[in-house]
Structures are given as C-alpha cells and as structure tokens.
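Chemist: Please work out how this folds:
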Amino acid sequence: MQRRTNRRRRPASSKAPDLLHAYNPIKTSATVGFMSGQELSSEPVELVVTETQAGVRFDWFLAQQFPIYSRVLLRKAINAAAARIDGQRSKAAHKLRAGERITIVLPDLPRSAPHPEDIPLDVVYEDQWLAVINKPPGMVVHPSRGHWSGTLSSALQFHFDQLSGAGGPTRPGIVHRLDRDTSGVMLVAKDDQTHMRLSGLFEQRTIEKEYFAIVVGVPDHDRGVIEQPIGPHPYHREKMAIRRDHPNSRPAATYYEVVERFDGFTAIKALPKTGRTHQIRLHLSSIGCHVLCDKLYGGRSQITRSELLRRPPDDDVLLARQALHARRLKLIHPHTGENLEPVASIAPDIQCVLDALRELRPRR
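Modeler: Numbers count the residues shown, from 1 in each chain. As a prediction, this is how the structure comes out:
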C-alpha cells in the first residue's frame, strides 16, 4: 500500500458517465442528467411500485430512488404536484400500493462542484483507480446547509487530478459516507466505472467494514450479533429508532466483540453487516452500551479527564465527539482482483481516552 499526506494536485473534473444506464434502476435520459449533474429533461420520470415496495411512505420511496435529493426537496416536489401518483396529487405520508404509477419532474441539482480547498488529507492508499482516506473527526463529507466549506469533497477536489462524477456534482469521488463526528477509512473513486463497481460491492455487502468504539457500560457477552430493524424516529427527525413492524423499517445486523474491558467502559470492535443510518450507534445503545460522547443517543457530547477517571478535578476535555472510528475496510479491488485491507490508525482523541482508561484497573 502507498501512503501520502497533503500533496498539491490540480482540481478534479467531473464527466457524465456513459455507463450509468446499465447501473441505475431508473433508465431514462432525465435520470442520467440527475445523476451526472447535467440539466434535466422537462419530461417526468415514471416509476411503478412493486410488491416489495408497497406500504412505504411516498416521500421515503422517492428518497430511496433518488438518493442525491434530500427528503425536504422531494417533499416540496410532492407538495407542488411535481410528483404524482396515478396522475393525481398526493401527500408525502401516503402509503404506496403495488401497481401505483408515480411520475415526477425532478428539480435541478447544483451544477458546480465544491470549491477546491487546501485541507490536509491522510491518504492511506492510492492507485490509478481509487484512494482510501483517513477522514478526521469533525469533517463533513459533502456540502450541505450550514456546511458549504471545509468539507471532504472540497479537500478531494484540491488534492486529486481526477474524481468520479457518478455521485453527483457536489460529491466528487464520494462512494460512501461517514457521519461528521466519525473518523476513519473512506473509499474514493477516481472514475465513474470504479465508482459503480465499488457501489455494487457495498450493495452486495461484500465489503467488510470494521469499526472501533468506546462505549459506556459493559456488555453481558464478549461477542454477539445485534439484529434489530431500523427506521425513522417517530418524533425526532435527526434520529433513527429500532422499530419492529414499521413499514419504513429495514433489517439491520451488527456483529460486536469486546476488545478491552474497563471500570464502567468497554472498547468494542463492531462489524456492521448492513449499512443503515446510525446503525452501530443505535444497535450498541439498544444493548445498554451507548457510544461514549454520542450526544444523539447517549445524551452528552464531551467528557473530561476527571469525569473519566473519577479523580480530583481535572477539567481537560479528553473527547468532544462520539468515540467511533472506522478502522478497517476489507475488499477485493474492483479492477485488479487483489485483496485490499486499508487500516486507519485510531484517531488521537479516542486514543487519549483509551490511554486514560488503561490507567484504571481493568474490570475482570
């Protein structure tokens, strides 16, 4: 593997992929424009609800079909009657039935790529087709409301000569994502064919993802599998929830293994078998072991040395984000067929917590 940091390169260019029709489930000219960032056709995209899609909300169905668009934008399209069911206006909450025909005129996406920014990058691996980045904590992956600069997308634009455009104009090279406060390994595609092949590997679940976490509490078992369906939280829009028998819930499974036990805390290795939003955080919380400093699912966002060690006052903040790190990926290279296993060393702030916990007598 090759490793380098912060090398200046020319801004990337993005081209519309010729092979998107073969990979995208909605095969229309409008869709190719939507995926590549080109101007869209005024003709509506047509979809037919299948038996397996029946029962989900109208807006959730559209969000699954058009992942680059936010649900807010898709709801606006529904409310403006730009998205219809069997030619009729409908509500975003409408539960779809098999055989219903949906038409939607997709709104334009921004056609400009993120502005290149000279932000240091830790490149764990690189070849002519792809790269692996060790994303630092606190970095947003792609531009969004309130985060138009300082993103990973802007850093990639600065450092690489070429990036795929298959994810849309605001996500050059981005194949998958990590939460803002989760650090660790991320795959970056340099061309559209590589992007599509990597996306296919994720969809087929043949890429193994390993995370390292420090949790509050001690699991009852040294290892196990958490299988709980995940869906939208009933009243908190930023959270997900374990919701059985809910039409918008999806199956989710996470294997976990205890790495090291402490007094009231545990270091854990987690391997998600599915890729649901907030999956590891939610699943660990469901067994009474929420990720340390996970404000969303644990209630607090930072911890000091004195709080961690229960010793005389020391107000030094050791950690101010969730103690979750994407440590390793394991995959077959989409072009060469070789086994790749890039590893990102544990982020310094999480390592500080780990070192502090080791000062305590381990729990037996």
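Chemist: Could you check how many residues crowd around L156?
Modeler: Counted with other C-beta atoms under 10 Å, the neighbours of L156 add up to 30. In short, each C-beta sits where N, CA and C put it, glycine included.
Chemist: Ignoring the adjacent residues along the chain, who's closest to it?
Modeler: In space, and not counting its chain neighbours, L156 is closest to G173: 5.1 Å by C-beta to C-beta, 6 or more residues apart in numbering.
Chemist: Give me the neighbour count for the one you found.
Modeler: G173: 28 surrounding residues under other C-beta under 10 Å.
Chemist: And L96, by the same measure?
Modeler: When neighbours are counted by other C-beta under 10 Å, L96 comes out with 20.
Chemist: Tell me how far it lies from E341.
Modeler: For L96, the distance to E341 equals 41 Å [C-beta to C-beta, to the nearest Å].
Chemist: Give me the buried positions along stretch 278-298.
Modeler: With burial defined by 16 or more other C-beta atoms under 10 Å, the residues of stretch 278-298 counted as buried are 278-287, 289-294, 296-298.
Chemist: What about those, which are in helices?
Modeler: Q279, I280, R281, L282, H283, L284, S285, S286, L296, Y297, G298 (DSSP state H).
Chemist: Reformat those residues as a markdown table; add pLDDT.
Modeler: Listed next are these as a markdown table, based on pLDDT from 0 to 100:
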| residue | pLDDT |
| --- | --- |
| Q279 | 96 |
| I280 | 97 |
| R281 | 96 |
| L282 | 96 |
| H283 | 97 |
| L284 | 97 |
| S285 | 96 |
| S286 | 95 |
| L296 | 93 |
| Y297 | 94 |
| G298 | 93 |
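Chemist: Tell me where this structure has helices.
Modeler: Ranges of helices in the chain, per DSSP H, are 20-23, 29-36, 58-65, 71-79, 152-159, 192-203, 279-286, 295-298, 305-309, 348-357.
Chemist: Distance to R244 added to the ones you listed, as TSV?
Modeler: As requested, the helices of the chain are arranged in TSV below (distance: least, C-beta to C-beta, whole Å):
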stretch	distance to R244
helix 20-23	33
helix 29-36	34
helix 58-65	17
helix 71-79	23
helix 152-159	35
helix 192-203	24
helix 279-286	12
helix 295-298	18
helix 305-309	35
helix 348-357	32
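Chemist: Return the most buried member of the ones you listed.
Modeler: helix 152-159 (a mean of 25; mean count of other C-beta atoms under 10 Å).
Chemist: Report all helices and strands that it contacts.
Modeler: Applying 3 or more C-beta pairs under 8 Å, 6 or more residues apart in numbering; DSSP states H and E, one finds that helix 152-159 contacts strand 130-135.
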